[in-house]
Structure formats: C-alpha cells, structure tokens
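Participant: Generate a structure from the sequence data that follows.
(4 chains, ligands or ions: 4)
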Amino acid sequence: MSSSETRTRGASDLSVSRWQRLKHWTVQHRLESADAVKRLLHNRLSTLVTMLLLAVVLAVPTFMYSLLGNLKQLTPGTDFEPQLALYLSTELKAEELDRFSRSLLLRDDLLSVELISSDVGANEFKSHSELGELMTLLDENPLPAVVLAITRDQDPATMKLLRESMAALPEVDVAELDVEWLERLEVIVGSFSSISFVLALLLSMTVLLVIANTIRTMISSRQEEIEVSLLIGATGAWVRRPFLYAGLLYGFFGALLSLLLVYFSLALVEAPLAELTELYIGRFDLQGPDLSLIMALLMGGTILGWIGAFIAVSRQMGQLHQGSD
Amino acid sequence: MSSSETRTRGASDLSVSRWQRLKHWTVQHRLESADAVKRLLHNRLSTLVTMLLLAVVLAVPTFMYSLLGNLKQLTPGTDFEPQLALYLSTELKAEELDRFSRSLLLRDDLLSVELISSDVGANEFKSHSELGELMTLLDENPLPAVVLAITRDQDPATMKLLRESMAALPEVDVAELDVEWLERLEVIVGSFSSISFVLALLLSMTVLLVIANTIRTMISSRQEEIEVSLLIGATGAWVRRPFLYAGLLYGFFGALLSLLLVYFSLALVEAPLAELTELYIGRFDLQGPDLSLIMALLMGGTILGWIGAFIAVSRQMGQLHQGSD
Amino acid sequence: MAAIQFTNVSKRYDSGQEALKSVDFTLESGEMAFLTGHSGAGKSTLLKLLTRVEQPSRGEVWVGDQNLSELSRSEIPHYRRTLGVVYQNHRLLEDRTVYQNIALPLRIAGFNEEDIGRRVRAALDRVGLLESEQKFPQALSSGEQQRIGIARAIVHKPRVLIADEPTGNLDPRLSLDIMNLFEQFNRIGTTVLIATHDVALIKRMRHRVLILDKGRLRHVQ
Amino acid sequence: MAAIQFTNVSKRYDSGQEALKSVDFTLESGEMAFLTGHSGAGKSTLLKLLTRVEQPSRGEVWVGDQNLSELSRSEIPHYRRTLGVVYQNHRLLEDRTVYQNIALPLRIAGFNEEDIGRRVRAALDRVGLLESEQKFPQALSSGEQQRIGIARAIVHKPRVLIADEPTGNLDPRLSLDIMNLFEQFNRIGTTVLIATHDVALIKRMRHRVLILDKGRLRHVQ
Ligand SMILES: Nc1ncnc2c1ncn2[C@@H]1O[C@H](COP(=O)(O)OP(=O)(O)OP(=O)(O)O)[C@@H](O)[C@H]1O
Ligand SMILES: Nc1ncnc2c1ncn2[C@@H]1O[C@H](COP(=O)(O)OP(=O)(O)OP(=O)(O)O)[C@@H](O)[C@H]1O
Ligand SMILES: [Mg+2]
Ligand SMILES: [Mg+2]
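Facilitator: Numbering: from 1, shown residues only, chains lettered A, B, ... in the order given. Ligands and ions are numbered 1, 2, ... in the order given. Model (predicted):
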C-alpha cells in the first residue's frame, strides 16, 4: 500500500524542492492557459459577443486616433517653417525687384528669400485655385510679384514685429504671415487629440467594465466549482488563474479584432472621404493606424483585460472567502 | 377547513371567468415589470455595463447619422437649383450687358436671369475668398460681369447642351455649370449614408447579440429558480416574461443613454469642427440628431432589446424543457 | 376512483439504462403508500414520471382522469399545480427568504398577496418553523431546510403529494413528525406517495409499500 | 497523539444563533467516531469548524499539531488537502464527468495525469462504480452520486476523513457497505468522524458516539 508515500505528497507539497515547484508551476500555467482557451471556445456565443463588444469599444478611439494622424498630414510637418509673404508693388520693374530681393538676402533676420515673379505666380494660381479659370479671362496679369522669406526667429511675436517693419518698406505693398493659419490648425488638431484622449480614457474604462463584468458572470456561473475547489484545498491563486488568463485573452483578441474593424471602416470611408477632401482641401492619402498606435492598442487591450479580470476576481473571491459554507 | 375551495382555485384557473383572468393578467404584468426593474437595479454593475455597452454601440451609428445630416447641410437644400454661370466679355459696355441679359429673359428655356456687374462681383470676391486681399492690390477691376441663369429643365444632360449653346454666343466668354460639383457632393453624401446604413445594420446585430447574451447569462444565473418554477407549475410564458421585460428595458434605456452620449460627443466635437470647417468650407452649424432619428433610435433600441431577449429565452428555454430533471 | 395508475410502464433512459421495467400498480384516491427499494432501483424515476419530468418509454401513467402522455405542453403547468412535490435535496432558492420560497407556488398560481401571507404562515406553522420566515435557507440546518421544502409542497393544498426521501436528512423523531404530517394530509383526502429508505419508519406506519428491485415492482404489501 | 481536539469551543452565528456551546472532546489519531443529535443540534457546524469554513467564537480547535485559529489564509489550502470531506448533498460538479469530479483534488494538489488516472480508478473501484467513469452526475441515482462524493473524499488518501450524513440518501445495505469502507480506511490509520442520524447503524458499528443536544455535547459513549 502506497498510502504513506502519497500522503506526504498529497498532503503538503511544502516539502518538495524549489526546482520541482517551479516545474510544477510552469506545467500548471501551460495547462491552465490551454484550459482557458478551451473554455472560451466552448462558450462560443458569449465569447464572440464579448470580443465583438471589446472590438467595437476599442475601435472607436483607435479610429479617432487614425483620423487624427491623417488630420496632422494637413498641418505641414516639422520641416515646414512659417513664411513671410511680401506682395511687392506692381509698379516695380524686373531689375528693381531683383535688387530688392538681393537686399533682403543681406539681412540677418531672414534665413532665406525667394522671389516669385508675377508670371510664375499667375501659373501657380491657375493650377491651384478654383478661380484659376478666371485668370484666362483677364487681359493682363493682375498679380504682383511676391517675395517669400523664412525668418531666423520662428516665434510668432517676433515674426509679427518683422512683418510690420517689412510692410513699411516702400517696395512692399502688403506683408502677410502664414503663422496665423498654422496656429489655428494646430489648435484644432490639439483639441481633436484631447477629445480623442478623453474618449480613449472613457472607452478604456468601458473595456475594463466589460471584461470585469464578463469575468464576473464567468465566475458566478462556476461558483459551485470554485467553492468546491476551495473546500478541497485549492489555493486562491489556483482558482483565480484561469479567470486572469481569460481576461488577458479577451483583452488581446478584442484589441486584435478592433484593429480589423478599424481597417475595415477606414477602407469603407476612404473613397468618399478622398472625394470630399479633394473637393475642399486637395488630394490626401488616408492612412491606417501607425505601428506605435497598433502596439499601444494590443498591449493596452491585453493589460486592460488582465486588470479587469483582476478586479472581478478580487471582488468575487472576497465574497466567496467570507460568506460561503 | 377551506381546502375544497382553494383546491379548485390553486389547481386550475381554467374555471375562472375571462374577466378575472384578464385582470389577473394585467396585475401580473404590472408586478412583473416592476420586478424586472428591481432586479436590474439590484444587479447594478452588470446592468450599468450592459447599458453602457448598448449606449456605445448604438451611439456610433447615431453619431454617424447626425454627422451625415450635417454633411447634407453642405449640399444646398431642395430650394437650390443648379445655375448656369455666363462670364461675359470684358469688352462689353454697361448698356450692352443690360440688353444681353434682357434678351436672355425672353428665352423660354431659362427660368430666371440675374446680372452681376463686375463691381458687385469684385465686392463678393473680396468678402468670400482667401485671395480677397489681393484684389485691393490690383489697379483695375479684372473681373468680368456674370449672368446667373436658372434653367427650366434641371436634368444635367439638357443643361450641358444648353451650356454649350450659350458658350457659342458672342457676348459670352465662358459658360459654366455648377451641377458637376453638386453631382459629386451627392455621390459623396450617398456613399456616406450607405456606409452609415451598413454600420447601423452591423451594430444593430451587435445590440441584438449583446442583449441576447446578457439575457442568457441572466437566465443561467437564475436557472435553478426557473427549473423549480417549472416543476411547481409555472407556465413557459410566466417564466419568460421577466426576461422579455428586461430585454425591452435594456434596449430602451441603452438607446436613451446612447442619445446622451451622442449629444455629449457632438458638444465635444463642435468647437474644433466649427474651426476646421470655417477654415476650409465656411461657417456651418453643427446640428444634433433630428426628431425622426431620435424616435428611430429609441424605438429601434426597444424592439431590438425585446427581440434579443426573445432569442435568448427561446434558446435557453428549449434546453431547459428537454434536458433538465 | 384511482388517483394514480401505472399500466405496464417501462422507462429506458437515452443512455440505455433501463430504470423501470413493466411497472403496474394502482393507488386509490385518498390512499397513502411508500415506495422503497435499493439505491438505483428506480424510485426517483417513477416519481419523475408522475411529475411529467420524464415520459415512459412504454405503458401509460394516469393521474386522476388524465393520461400524462396525452398532456399537451401548455397543459403541463396546470397539471403540475395539482401536485405537491418534496425533493430529496429540497431545491430551495438560496437567494430568497423562507417566506419567498414557500410563496412561490402561490405566486405562480396567481393568488393575491393577502391570501399568500395567510397560507404561507399556515404552512410554516405546520412544519414548526414559523420563526424562520425571514431567514435564508443557508442559515438553516439541513433538517430545517427539508421542512421548508415540505411546507412549499403543501402550501397550495395539492390533491396528490409526492415525496422523494423526505426524511433522508432528518433525525428519527423529526422523521416521525413529518410522516405524521403527511398522514394528516392523507386523512383530509390527499393521495400521498413517498419514496424512502427508512425501513423502520415504513414498518411503523402501516401503509401500503411498493418495493422496486432493479426497476421491477417486486412486491406490493 | 490527539488527531482532533476541541477545547471549550462555542460557535455563535452572526444571526445570533448559538450553534455550539462549550464543546470539549478529543479524538485520538486513528480513532473512528460518530457524531449524532437532533436536527439543528450543531453537527454540521462542528464539522464546518474542522474544515475551517467557520471559526469558533470561543475556544480552540486543534487538528494534529495545528491550531486552526492560527492558520494563515495561505495555509488553509494546504491544511484542507490533509482532509477528506463527504458532503450531505454530495456537491458534485454537474458539468463534469464522474472521472473529472474525482480527479479534482488530485489536480489541485498537482499530481501528474498518469497518477491521477490510477488513483481515480482505484477510488471508483472502492465504491463499486468503476463503470460509471464517463457518466455525468445527473445520470446517476442519488445513492450513486453519494458514492462518487465519497470516492472524491478518499482519492488523495487523507489523514482525516470527515463525513456529514454520508448515508442519508442510501438504502440500509448500501449504508452498511459505505460504513465498512470508512472502517477500512480507519484501519489503515485514517482518523474518521461521521455525522449521522442513522441510530441503527451507529449501534451496530460499536465506535465512539458523540451526541450533540442543542449545541451541547451531552454524552460521550
Ligand atoms: N437522467 C438519467 N439518465 C440516465 N440514467 C439515469 C438517469 N437518471 C437515473 N438514471 C439511472 O437509472 C437508474 C435508476 O435511478 P433512480 O434515480 O430512479 O434510482 P433511485 O431508486 O431513486 O435510487 P436512490 O435511492 O439512490 O435515489 C440508476 O441506475 C441511474 O443510474
Ligand atoms: N450560516 C448560518 N447562519 C446562521 N445560523 C446557522 C447557520 N448555519 C446553521 N445555523 C443554525 O445553527 C443551528 C445548527 O445548525 P447545523 O447545520 O449545525 O445543524 P445540524 O446538527 O447539522 O442539523 P441537521 O441534522 O438538520 O443537518 C441551526 O439552528 C441552524 O439554524
Ligand atoms: Mg432517488
Ligand atoms: Mg447538518
């Protein structure tokens, strides 16, 4: 009869070596995670619904952030520097224009100076503006020559002062700064991204709640099993583990599904959005979420899943430890 | 001992009058719906999560439809009629212009004719276009006079023919139709609304799934109660009723909450969107969902809730009727 | 009139297990009988046929003037309301108070609240647990839970009372009390059928005894 | 050495119910005893103290060399693995086969699959239900379920075996068989404590009997 040998083993595995315990632990984890996947697959409807929900909820901020990335395309990138545009008097002759632009080159508050003659300006105007066709109707070229200058000092206040002093020059009719437009666009992008952030936070809370609730119902549907296991000598960790795995898996696969959803919706929106933007803004390519967003989504989803499960498990287990018979 | 009297009553209420049965039925329904509300309130976390989810899921298409309504603002309403714009030769004198526009008035393929002199045109251009400032730089007004005409026949093909014949007139330099722009915008709005429709369908399915799943877990958490009730003589309808009520309530309140969510998100988006559109398109007012959309949402949500509950109940009850002991 | 009649009833479960084999017996209206036999003999199966939870594979089960095989699905609930059933593991709802548990059959039958209160208290009084009205089943000993289960079975004064080992969890004195309670009901006309292992009790009570042996009705004392 | 020792143990539930009053007794290692008493006397409560589901309001409960009140939360699982417990309502998991049910304590203790298979079959053989290995509990009679519950309690060969009315659902012959099984375990050194109503059985078995009466240990035979 092997009862004495088993008794020590069944009774307390405190006596086995650390190495054996580690091995046991990893084997257990492998079994448990396989078991968690099996259970998710077994309860198909419920798993599907939860994943779908997570996908929808996670897709909303991801979609927003993707669009935001596209919106940022509209603001010139870091290589863009705000320009000072000097519309020159139409009375100046070609040599005068040339001289004037050279004199500007000597100023050390300007980094670069570009002269655009009225012919070149007219051509650009024709190709870019809606009103281009009108130009063909005009007898003579009404456009002035323009000097585009990039200032050394890029801070808006200094640039405004510079604009004023330039406007006072006799050769200059009108001096314009394009920082204002840029500032406005930046404000817009900024407020969109803070909205996206708030939304992402709110919807992360929702994800947390969804997973916590799903795990809660999982736990309560397996309450008898948990109670019996605890009575038989299962540790809290042993009971908790499959639920934590489930939360993690929900989070990860929910995030993955949401990514598909985002690509799908972007594909749907692409054609009409391209037409719309072409109509008002000009060509631009709709881009999907970038790698860092994808990583953030997948890792965020997984972590949220684990935390949600942890919250649910802690709450429910607390109740079980106290109240049950 | 009152046993004989009660026995008939407890045993079969087939014998009571139809009036009593109706009264009993309404009382039951009142009690049941109150009970359903109480249960939803009792299980707060789970109820909250479900409602939030429904709200998020329902809010997505509602939000889309609201934006779509706003997009339609951009396409001129039914009172807009596509115009034919005739840019007249700049060599014509004021009297000639006048005569020409009068002669157009006599044509029966044009409904109305409006002459815009070059001065008026220049003013409009200044106030509307980004390039307005440029106008102030020009020595003379380069704009031609324009005649805006509304055609009797609004179909694009006929209008194109008309445009060609007009362009051939000696007084006319260029003839332009704005139908093309309109056609494009209509295509865009059309594709957005079909996207919204597909999305609404998909998300309605999700709502159905969410509610079916919630009711399913409700049922399985009350399985013992259902089994015992059936053994004691509860009818299927009696057992089903609270779940159907719950589904209905979930649907309705989920839709209500999603409405709040939509108003909230619209409020969030309003300011930056207004700036953005002002930058590219010009002022327009962001409008919330209209009454018919609100009604559709609330009724749709309620009906979806009921159907979802019905599906869940039918599936689960089928299992209970067969397999249990 | 026969209250319960089995004619040549066999029951074979889907698993192939033959739980009842050609069972024939009649219980007159107002009669009281015990059903006994070894574990797995088919006692619970026989009672499940009576509650229309299972259907016979062969033969007919009549209760009163109804052939249970011919009950339509919508008639089953009404039929079940004429029964009172005590379950082996009491089957009380853990999340409801004792009062709510006992009130359930009355709620289902559509009694009004006032009636319900009166009847529930009368039933509780019968099983001697009037003071436990607002407790939850978990806070009761198993014997007390069993008595609540009995109270629920009798609260609507059923025509036929069926019990599956109602005294398995009770001490001998309480068992006798409960059996006496069943006898009282029997005396006012209720037909009573009780499945039990308690041989000592059966001997004492002097009622008819049906003995099942591997699904066959061996002996009718 | 004393396997189980109660010193002046009282238990008062939050509801105010005094379930045990100054209970004192000692069970030597390898001893077998019965716990009896009327319904609600406190038998289940006493066993719940042993499984550390409840804690005494006063007094100390020692099992082996451990004072149960001093067990930390993380020690409870390991302590419980030294016990085998048979529950009144068997507490089998309905969604698992008989095999899976019995394997559970071994899984929890981390045995490997091969060991588990061998031990589960040995336990099933002991209770005479080897052929039901792949069935689900619902497809078994209540007596059979009870025996599966016993198999689960003994599969890991515990030092102490506790049973709460293990024969409440069994017929007299099967009851005796099960009790003999418990005795066999007792003979190889397991300490056994059984709560039961079955007075006839107790008399036959000739072991120590602890009698509870309204929470007081009245009589130790
Ligand atoms: N749902 C079922 N499916 C398959 N077999 C079943 C089912 N229920 C019972 N059985 C089998 O039918 C036989 C009779 O079972 P039943 O529960 O009627 O016995 P019993 O006389 O009530 O026994 P006990 O005294 O142990 O309660 C048993 O062998 C059991 O395994
Ligand atoms: N969780 C609890 N909360 C409050 N009171 C309880 C609780 N459990 C049991 N009691 C009460 O304590 C007393 C003893 O209960 P216990 O279950 O120990 O009795 P028992 O001897 O096992 O009875 P039985 O033979 O009926 O199973 C009873 O009066 C019961 O109502
Ligand atoms: Mg049985
Ligand atoms: Mg007890």
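
Participant: now the closest residue to chain A within chain C, nearest residue through space, not along the chain?
Facilitator: Taking C-beta to the nearest C-beta, chain A has its nearest neighbour within chain C at residue C:138, 6.4 Å off. C-betas here are computed from N, CA, C, even on glycine. Using C-beta to C-beta, 6 or more residues apart in numbering or on different chains and skipping the chain neighbours, the partner closest in space to residue C:138 is residue C:94 (6.0 Å).

Participant: care to break chain C down by domain?
Facilitator: Domains of chain C are assigned by automatic domain parsing as C:1-82+C:162-221, C:93-157.

Participant: Packing partners of the longest helix along chain C?
Facilitator: Using DSSP state H, we find that the single longest helix of chain C is helix C:172-187. Judged by 3 or more C-beta pairs under 8 Å, 6 or more residues apart in numbering or on different chains; DSSP states H and E, the packing partners of helix C:172-187 are strand C:32-37, helix C:142-154, strand C:160-164, strand C:191-195, helix C:199-205.

Participant: hmm, who's touching it?
Facilitator: With C-beta atoms under 8 Å, 6 or more residues apart in numbering or on different chains as the test, helix C:172-187 has contacts from C:30-32, C:126-128, C:143, C:146-147, C:150, C:154, C:161, C:163, C:166-167, C:170, C:192, C:194, C:198, C:200-201, C:204-205, D:38-39, D:197, D:199.

Participant: Next, the buried residues of it.
Facilitator: Buried residues in helix C:172-187, counted by 16 or more other C-beta atoms under 10 Å in any protein chain shown: C:172, C:174-176, C:178-179, C:181-182, C:185-186.

Participant: same thing with stretch C:189-196?
Facilitator: Result for stretch C:189-196 [16+ other C-beta under 10 Å]: buried residues C:190-196.

Participant: Pick out whichever of those sits closest to residue A:175.
Facilitator: Nearest to residue A:175, judged by C-beta to C-beta, of these is residue C:195 at 104.3 Å.

Participant: and the closest one, bridged to which residues?
Facilitator: In this entry, residue C:195 is beta-bridged to residue C:35, residue C:164, by DSSP bridges.

Participant: Now for it: which residues touch it?
Facilitator: Contacts of residue C:195 (C-beta under 8 Å, 6+ apart): C:34-36, C:43-44, C:46-47, C:163-165.

Participant: and it, how far is that from residue B:294?
Facilitator: The gap separating residue C:195 from residue B:294 is 61 Å, by C-beta to C-beta, to the nearest Å.

Participant: okay, and for chain C, where does confidence drop off?
Facilitator: Applying pLDDT under 70 to chain C picks out residues C:1, C:219-221.

Participant: Residue in it with the shortest distance to ligand 3?
Facilitator: residue C:44 (3.1 Å; C-beta to the ion).

Participant: ok, the residue nearest to the spatial centre of chain A - contacts?
Facilitator: Nearest to the mean C-alpha position of chain A, counting by C-alpha atoms, centre = their mean, stands residue A:65 at 3.6 Å. Taking C-beta under 8 Å, 6+ apart, we find residue A:65 in contact with A:196, A:200, A:289, A:293.

Participant: Indicate the residue of the stretch 1-150 of chain A located nearest to ligand 1.
Facilitator: For the stretch 1-150 of chain A, the residue closest to ligand 1 is residue A:42, as judged by C-beta to the nearest ligand atom, at 22.0 Å.

Participant: I should have written the stretch 101-250 of chain A there, sorry.
Facilitator: Ligand 1 sits closest to residue A:224 of the stretch 101-250 of chain A, with a gap of 19.1 Å, by C-beta to the nearest ligand atom.

Participant: Now that residue: closest residue in space that isn't a chain neighbour?
Facilitator: Closest to residue A:224 by C-beta to C-beta, 6+ apart is residue D:93, at 6.4 Å.

Participant: was I right about the residue of the stretch 101-250 of chain A closest to ligand 1 contacting residue D:92?
Facilitator: No: with contacts counted by C-beta atoms under 8 Å, residue A:224 stays clear of residue D:92, the gap being 9.2 Å.

Participant: So between the two, which is more surrounded?
Facilitator: Using other C-beta atoms under 10 Å in any protein chain shown, the more surrounded residue of residue A:224 and residue D:92 is residue D:92, with 23 against 14.

Participant: still on that earlier bit, now do the SS call for the residue nearest to residue A:224.
Facilitator: Of the three states, residue D:93 takes coil according to DSSP: H, G, I helix; E, B strand; the rest coil.

Participant: tell me the contacts of residue C:63?
Facilitator: C:3-5, C:50, C:79, C:82, C:160.

Participant: Wait, residue C:104 touches residue B:231, no?
Facilitator: No: contact between residue C:104 and residue B:231 fails when scored by C-beta under 8 Å: they sit 10.4 Å apart.

Participant: Give me the more crowded residue out of these two.
Facilitator: Ranked by neighbour count (other C-beta under 10 Å), residue C:104 and residue B:231 place residue C:104 first, with 23 against 20.

Participant: what's the distance between stretch C:212-221 and the middle of its chain?
Facilitator: Here stretch C:212-221 is found 19 Å from its chain centre; the criterion is C-alpha atoms, centre = their mean, to the nearest Å.

Participant: State the mean pLDDT of the one helix or strand residue A:34 maps to.
Facilitator: Using DSSP states H and E, residue A:34 falls within helix A:18-42. Helix A:18-42 shows a mean pLDDT of 71.

Participant: Spatially, which residue comes closest to residue A:47, not counting chain neighbours?
Facilitator: residue A:40 (4.6 Å).

Participant: residues touching the spatially most central residue of chain C, list them.
Facilitator: Centroid check for chain C by C-alpha atoms, centre = their mean gives residue C:162 as the closest residue, at 2.0 Å. Contacts for residue C:162 (C-beta under 8 Å, 6+ apart) come out as C:47, C:50-51, C:83-86, C:192-194.

Participant: Against ligand 4, how distant is the residue in the stretch 101-250 of chain A that chain D sits nearest to?
Facilitator: Of all residues in the stretch 101-250 of chain A, residue A:233 sits closest to chain D, at 3.6 Å by C-beta to the nearest C-beta. Separation of residue A:233 from ligand 4 (C-beta to the ion, to the nearest Å) stands at 22 Å.

Participant: measure that residue to residue D:77 for me?
Facilitator: Counting by C-beta to C-beta, the gap from residue A:233 to residue D:77 is 5 Å.

Participant: residues bridging contact with the two, i.e. touching both?
Facilitator: Residues touching both residue A:233 and residue D:77 (C-beta under 8 Å, 6+ apart) are residue D:108.

Participant: ok, the residue of the stretch 51-200 of chain A found nearest chain B - contacts?
Facilitator: Proximity of the stretch 51-200 of chain A to chain B (C-beta to the nearest C-beta) peaks at residue A:191, 4.1 Å away. The neighbourhood of residue A:191, defined by C-beta under 8 Å, 6+ apart, consists of B:271-272.

Participant: Could you check the pLDDT of it?
Facilitator: pLDDT at residue A:191 comes out at 75.

Participant: Low-confidence ranges, the stretch 201-325 of chain A, go.
Facilitator: A:276-284, A:319-325.

Participant: Nearest to ligand 3: which residue in it?
Facilitator: residue A:224 (20.6 Å).

Participant: element containing that residue?
Facilitator: helix A:223-232.

Participant: and the angle for the longest helix of chain C with strand C:191-195?
Facilitator: 150 degrees (axes from the mean of the first three to the mean of the last three C-alpha atoms, to 10 degrees).

Participant: what is the orientation angle of helix C:172-187 with strand C:32-37?
Facilitator: Using the same axes, to 10 degrees, helix C:172-187 lies at 130 degrees relative to strand C:32-37.

Participant: Helix C:172-187 to helix C:142-154, inter-axis angle?
Facilitator: 0 degrees.

Participant: can helix C:172-187 be found next to ligand 4?
Facilitator: No: counting by C-beta under 5 Å from the ion, ligand 4 has no neighbours in helix C:172-187; the shortest distance is 12.1 Å.
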